[in-house]
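K.L.:
what's the 3D shape of this:
(chains A and B)
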Amino acid sequence: MFLDFFYKLRARGVPVTTHTWLALVEALARGLHGDTLDGFYQVARCILIQSESHYDEFDRVFAESFRGAAADARDLLQQLADWLKDPRAQDLDPELRAALAGMDLEQLRRELADRLANQKERHDGGSHWVGTGGTSPFGTGGANPAGVRIGGGGGRSALAVADARRFKEFRRDLVLDTRQIAAALRRLRRLTRDEGKLRLDIDETIDATARNCGDIEVVLTPERHGDVRLLLLLDVGGSMDPHAQLVSRLFSAAHQGGGFKELRSYYFHNCVYQRLFEDAGFNKPVSTASLLKELDSKWTVVLVGDAYMHPGELTMSSGDWWESSRGPSGLTWLARLADRFPRSAWLNPEPPGLWRSGTIAEIARVFSMFPLTLAGLEDMVKYLRRPALSSERRSVITTLARGR
Amino acid sequence: MQSFTGTSEYIVSPELARAVDVAVALGRPLLVKGEPGTGKTLLARDIARFYNTPLERWHVKSTTKAVDGLYQYDAVRRLHDSRFGDGDVRDIGRYITMGPLGRAFQRDERIVVLIDEIDKADLEFPNDLLHELDTMSFTVAETGETVAARHRPIVIITSNNEKELPDAFLRRCVFHWIEFPDRALMSRIVRVHHADAEERLLAGALEAFYALRAVDGLRKPPSTSELIDWVSALRHSGMDPAKLLGAGLPFIGTLLKKEQDIDTASRRFSAPPNKSGGRTGH
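P.N.:
The predicted structure follows:
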């Protein structure tokens, strides 16, 4: 049960290392869990997990692994002792085996033996069993996104805590608040010392002064500053309405916390055509072509939209869907953006399950598409730092950008 | 070693108390994260009080370097002295001052060290401290002298999540996320600060507070410290606690710090009771 827990956590993507696992073994051998399952839950969580985004998965695995275990968790030590008797005989992965080989197992075994002897002397207070009340594995928290606290105060059992799934909202595959988005976007920054205000560099000054036989020689270096210019293009209205709040968080995060050298944002409806708009009310138009000319290819471009529209809006080549005048199709405009700005990506608030067909799939051929979740944002930032265009995408973009 | 239970001035959840015990027993740093205003920084002060030991504070800024916490070498003063002939510049030791960690290592007792807001510093900062926190010793490069901890200090690290911390660093820490307190815990926390407040007022304030936090779309939901300030304001004004929500939340400025949030909240709480918050546009 004990070792299963370790492998299950890893199988579910919780990064538990042998290093932390052995720290847990040590903590248990020292009795830090106070011989209760609750204590074990608390000790295991604070040692094995290093991010609140993994709390939820930890809770789920814990509930699965220890449902039906005795609440006083005394047999846990026995299991641990049995395991340590001959860890090599068991089916361990090489990493864990190597780590165990490097440990002072004798010491651990002695500590465990003492503790077990101690335990037997104590009055056996009728261990009761928990978790057999027919609750579904992860059900009790259910509909309330904030999670339900069971019992309150110190009376909650570990399984009730785990079942409540109070940390669901910290999962990384959800988007949370402005601050987290800002933190993700900030990783786009690159710091350079190209230009900017000069500052006294004390270390260099001392060095130069020493070389100069003690006559003060002042060295100035430019301050470090952000060098990334970001162009944000946002789809508003229609099918984007359900995502309005999410997009507005992204928008304010980019503005407040981004620290970009320059940040511009424009709006479009469904698809980009010959005009973009400075305001979400579509009153102040800007020509897309002039933007393509004005901004150089070092700009980072992020489009945010569900990419979901009537196919005609994307491909009609006789002219814009929304404009009476003739012009290239929406897809052509998108390809021109992708062509001009190699550092570009598309953020989609719709789940990736829906991307395989229709206009979404069409646009995903032009732009690398990422889900608008925390994990998606992080992936996008990683991609934008080192964009790699497949030759297939490259040729799609060049063909489409030529338009007609 | 005695198990940590918090003090009369600082209420801890059983999970946090256990995490402190584990960190102390294993001699690993305790990394604490959580919403702003959940008492991350105060925890270190309280642990020091609980174990009755001194506390060294190290407030990290964006310009802080890892070595600053260990020691600082005042080259400028030495240069100055060499030019104007004050003191013996050959004795480098005179120009070395210990930082918070360095001082903690030199103590004759185990003390608590707080490394506050570690995420403010450069990305490399936590990595630069790995070795020193592991071995609890360092070498002063300028003099070659080694400073080793006589007693492993209890190290508490707080982070506001502004930057991801490196994995190698995280692996060495005991981690705890301070959850936002539920109502029962919160009422105990508020009691610590307002021991003699009227029960009815506290109940009313908590009711309004959690209703406000539940409002969707707040940029910065109010936290514990704001609630405590708000209760002070309410007590001074002698408001009728039953009417807090109806009155459009008096002194809302103590709870919400962003103009948009105040707008959102006042729209929500001063509107006629039966009007549903309908969505607009499509």
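
K.L.:
Let me see the contact set for the residue nearest to A:Arg275 when sequence neighbours are not counted.
P.N.:
Distances taken as CB to CB, 6 or more residues apart in numbering or on different chains put A:Pro285 closest to A:Arg275, at 4.3 Å, once the chain neighbours are dropped. Just so you know, the C-beta spots here come from the backbone N, C-alpha and C atoms, and that holds for glycine as well. The contact partners of A:Pro285, by CB atoms under 8 Å, 6 or more residues apart in numbering or on different chains, come to A:Arg275, A:Leu276, A:Phe277, A:Glu278.

K.L.:
What segments of chain B are helices?
P.N.:
B:14-26, B:40-50, B:66-70, B:75-84, B:100-106, B:125-135, B:167-171, B:183-193, B:199-213, B:224-237, B:252-255, B:259-270 (DSSP state H).

K.L.:
now those helices in TSV, with mean pLDDT, mean neighbour count and distance to A:Val381?
P.N.:
Formatted as TSV, the helices of chain B follow (pLDDT from 0 to 100; neighbours: other CB atoms under 10 Å in any protein chain shown; distance: least, CB to CB, whole Å):
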stretch	mean pLDDT	mean neighbour count	distance to A:Val381
helix B:14-26	92	22	31
helix B:40-50	92	20	27
helix B:66-70	90	21	25
helix B:75-84	83	15	38
helix B:100-106	93	21	33
helix B:125-135	89	18	20
helix B:167-171	88	16	17
helix B:183-193	87	16	36
helix B:199-213	86	18	30
helix B:224-237	88	18	32
helix B:252-255	84	18	34
helix B:259-270	78	15	26
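
K.L.:
okay if I get those as a markdown table plus distance to chain A?
P.N.:
Formatted as a markdown table, the helices of chain B follow (distance: least, CB to the nearest CB, whole Å):
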| stretch | distance to chain A |
| --- | --- |
| helix B:14-26 | 4 |
| helix B:40-50 | 13 |
| helix B:66-70 | 12 |
| helix B:75-84 | 5 |
| helix B:100-106 | 20 |
| helix B:125-135 | 12 |
| helix B:167-171 | 4 |
| helix B:183-193 | 5 |
| helix B:199-213 | 9 |
| helix B:224-237 | 16 |
| helix B:252-255 | 17 |
| helix B:259-270 | 9 |
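
K.L.:
Now do the SS call for the residue nearest to A:Val272 when sequence neighbours are not counted.
P.N.:
Leaving aside its chain neighbours, A:Val272 sits nearest to A:Trp333 (4.6 Å; criterion: CB to CB, 6+ apart). Following DSSP: H, G, I helix; E, B strand; the rest coil, we place A:Trp333 in the helix state.

K.L.:
any idea how far A:Trp333 is from chain B?
P.N.:
According to CB to the nearest CB, to the nearest Å, A:Trp333 stands 25 Å off from chain B.

K.L.:
Any idea how many residues pack against that residue?
P.N.:
Close neighbours of A:Trp333, defined as other CB atoms under 10 Å in any protein chain shown, add up to 26.

K.L.:
likewise A:Asn270?
P.N.:
23.

K.L.:
Now do it, the pLDDT please.
P.N.:
pLDDT for A:Asn270: 81.

K.L.:
any idea how far it lies from chain B?
P.N.:
Counting by CB to the nearest CB, the separation of A:Asn270 from chain B is 14 Å.

K.L.:
Contact partners for that residue?
P.N.:
Counted by CB under 8 Å, 6+ apart, A:Asn270 has contacts A:Asp235, A:Gly238, A:Gly305, A:Met309, A:Glu313, A:Trp321, A:Gly330.

K.L.:
cutoff 10 Å now
P.N.:
For A:Asn270, the contacting residues are A:235-240, A:305-310, A:313-314, A:321-322, A:330, A:359, by CB atoms under 10 Å, 6 or more residues apart in numbering or on different chains.

K.L.:
Cross-check these against chain B and keep the overlap.
P.N.:
A:Val236, A:Gly237, A:Gly238, A:Ser239 (CB under 10 Å from any CB of the partner chain).

K.L.:
for the residue nearest to A:His269 when sequence neighbours are not counted, phi and psi?
P.N.:
Spatial nearest neighbour of A:His269, excluding adjacent residues (CB to CB, 6+ apart): A:Gly237 at 5.3 Å. Dihedral pair for A:Gly237: phi 90, psi 170, per degrees, to the nearest 10.

K.L.:
Strands of chain A, start to end?
P.N.:
A:191-192, A:198-200, A:220-222, A:225-226, A:229-235, A:262-268, A:275-277, A:285-287, A:300-304, A:344-348, A:369-371 (DSSP state E).

K.L.:
And the ones you listed, which one averages the lowest pLDDT?
P.N.:
Across these, strand A:191-192 has the smallest mean pLDDT, namely a mean of 57.

K.L.:
follow-up on the earlier one: the residue nearest to A:Val272 contacts A:Gln274, doesn't it?
P.N.:
Yes. With contact defined as CB atoms under 10 Å, A:Trp333 counts as touching A:Gln274 (7.1 Å).
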